[in-house]
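J.: sequence plus predicted model, see below.
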Amino acid sequence: MKRVMYGLMALIVVVGLVGCTKKESKEGAGQPVKLIALLKAKPGMSRAEFEKRWVEGHAPFTLKFKNLKGYRINVAIEEYQEIKGELPFDGSAELWWDSLEEMQEDFDSPEAKTAVADADTFTVVRTHIYCREHIMK
């Protein structure tokens, strides 16, 4: 099972990178974009420590992105999971912008560099998936 999960993670990373680096493409230009981030805490960090560090320590850096329209943090709960044992990720985040251009502008900012450096201090995996959202309900 681990082999399949890591293969899936690699696929997601490749898809995410392609979506992020195609600046020359006009497809999707001016349309809202959402980033789904899957995070794994550093070894030895409890879920409670991870949650506190992310919500209280890291989130303020991300909230400084000037074009960011929304930011949600989702931390996995211990009480119920379909996967037995260690989860491949400890949480996810949803960030969204009015356009790919605005997202890329934020990613090129000093605030993003600070946020990335900070995220490196408490995570070992950050997988990004760039999406077009469809709200169903």
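T.: On my side now, so go ahead.

J.: neighbours of the closest residue to residue 99 other than its chain neighbours, how many?
T.: Take residue 99 and drop its neighbours on the chain: the residue closest to it by C-beta to C-beta, 6 or more residues apart in numbering is residue 30, 5.1 Å away. C-beta coordinates here come from the backbone N, C-alpha and C atoms, glycine included. By other C-beta atoms under 10 Å, the residues close to residue 30 number 10.

J.: try residue 110
T.: Count around residue 110 with other C-beta under 10 Å applied: 8.

J.: phi, psi for it please.
T.: phi -60, psi -30 (degrees, to the nearest 10).

J.: confidence score at it?
T.: pLDDT for residue 110: 97.

J.: likewise for residue 86?
T.: 88.

J.: quickly find the element holding it.
T.: Assigned by DSSP states H and E, residue 86 belongs to no helix or strand.

J.: can you give me the helices for this structure?
T.: 2-21, 47-52, 59-62, 100-107, 110-119 (DSSP state H).

J.: helix or strand with the lowest mean pLDDT in the chain?
T.: helix 2-21 (a mean of 35; mean pLDDT, DSSP states H and E).

J.: nearest residue to the middle of this protein?
T.: The centroid of the chain falls nearest to residue 37 when counting by C-alpha atoms, centre = their mean (1.8 Å).

J.: wait, isn't that residue in contact with residue 131?
T.: No - using C-beta atoms under 8 Å, residue 37 is not in contact with residue 131; the gap is 11.1 Å.

J.: tell me the contacts of residue 45?
T.: 53, 122 (C-beta atoms under 8 Å, 6 or more residues apart in numbering).

J.: what of the one 10 residues further on?
T.: When contacts are counted by C-beta under 8 Å, 6+ apart, residue 55 touches 73, 75.

J.: repeat for residue 89
T.: Per C-beta under 8 Å, 6+ apart, neighbours of residue 89: 38-40, 76, 125, 127.

J.: 7 Å instead?
T.: For residue 89, the contact set (C-beta atoms under 7 Å, 6 or more residues apart in numbering) comprises 38-40.
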